[in-house]
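kindly return the folded structure for what I paste below:
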Amino acid sequence: MADAEVGRYVLEERNGRLILSYYGGGGRMQVASTDARHRHWLAAAGVKGEVPATLAEIDEVAKLFVAVRLLPYARSGRALADVLREMSDFELHYWYYAILRHGMRAVGAMKKLYGI
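Next up, the predicted model:
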């Protein structure tokens, strides 16, 4: 039995935007994007630029997704980076799925709760 191809999440820069894309199954799908000026805060939060889409790396995928979705709306990139670094895996997964399911309502709730 051949090994199944594992996809990956990649943060790439195009036309002044940072785009989080999923590569797998012979194609590419854009997941989220933000302005390229936020690159510094992603690095400060400890977010990797490329993450394999495996269960072992789901924590990094959640952190990458939450960071990219929240940065355009955060008052301070530094505060967001601090919150993401200190957040437990459970909290990251909760907010990852809340943002997937509820979109901007979850982003607003997270901003208010953490004072971002």
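
can you tell me the closest non-neighbouring residue to the one residue sitting closest to the centre of the chain?
Nearest to the mean C-alpha position of the chain, by C-alpha atoms, centre = their mean, lies Phe65 at 1.7 Å. Take Phe65 and drop its neighbours on the chain: the residue closest to it by C-beta to C-beta, 6 or more residues apart in numbering is Tyr96, 5.7 Å away. C-betas here are computed from N, CA, C, even on glycine.

quick check, the residue nearest to the centre of the chain in a strand?
No: judged by DSSP: H, G, I helix; E, B strand; the rest coil, Phe65 forms no part of a strand; its state is helix.

about what we covered before: what sits against the residue nearest to Phe65?
Val61, Ala62, Phe65, Val66 (C-beta atoms under 8 Å, 6 or more residues apart in numbering).

shaky segments in this protein?
1-5 (pLDDT under 70).
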